[in-house]
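Undergrad: The following comprises the amino acid sequence and a computationally predicted model.
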Amino acid sequence: MEEEQVNPAPEQEPDKEEVSSMNQLLLPLFVILILVMGAGAFFIGAQRRIQPSPTPTATVEATPTQEPTPTASPEATESPSPSPSPTPTLSPTPTPLS
């Protein structure tokens, strides 16, 4: 009985012609990708220059806190001056030690 030896197929390396043709295809695609990204960035920048995006700022609205009261005569607006009251002096109290 004769046994047939089966040799595994050696891995085929791509030919130099295939590699160069792939490089010739990838280089223009890469350049086109860079140009498209640059054009998109330029377009977005031009749109923002025309219509700037609103920045978050604190808005202050002038709203009256109290309703305006009618002005009274100067005699009614005078208030009596408060009489000075004596301020109590605090003295430290000793605490008993236990």
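TA: Received the coordinates, thanks.
Undergrad: Which helix runs longest in this structure?
TA: helix 16-50 (DSSP state H).
Undergrad: same question for that one, mean pLDDT?
TA: The average pLDDT within helix 16-50 is 88.
Undergrad: Number the chain from 804, please
TA: Understood, numbering begins at 804; the last thing we discussed is helix 819-853.
Undergrad: So which bits of that helix are buried?
TA: By neighbour count with 16 or more other Cβ atoms under 10 Å, helix 819-853 contains no buried residues. Every C-beta, even on glycine, is put in place using the N, C-alpha and C of the backbone.
Undergrad: For that helix, name the packing helices and strands.
TA: Applying 3 or more Cβ pairs under 8 Å, 6 or more residues apart in numbering; DSSP states H and E, we find helix 819-853 packed against no helix or strand.
Undergrad: Need the distance between the two termini of stretch 845-865.
TA: Between the opening and closing residues of stretch 845-865 lies a distance of 41 Å (Cα to Cα, to the nearest Å).
Undergrad: Residue 838 and residue 825: what is the separation?
TA: To residue 825, residue 838 is 21 Å away according to Cβ to Cβ, to the nearest Å.
Undergrad: Contacts only, for residue 833.
TA: The contact partners of residue 833, taken as Cβ atoms under 8 Å, 6 or more residues apart in numbering, number zero.
Undergrad: do you know how far it is from residue 840?
TA: Applying Cβ to Cβ, the value for residue 833 to residue 840 is 11 Å.
Undergrad: How about residue 898?
TA: For residue 898 relative to residue 840 (Cβ to Cβ), the value is 79 Å.
Undergrad: same deal with residue 860?
TA: Here residue 860 is placed at a distance of 32 Å from residue 840 (Cβ to Cβ).
Undergrad: same check, this time on residue 830
TA: Per Cβ to Cβ, residue 830 is found 16 Å from residue 840.
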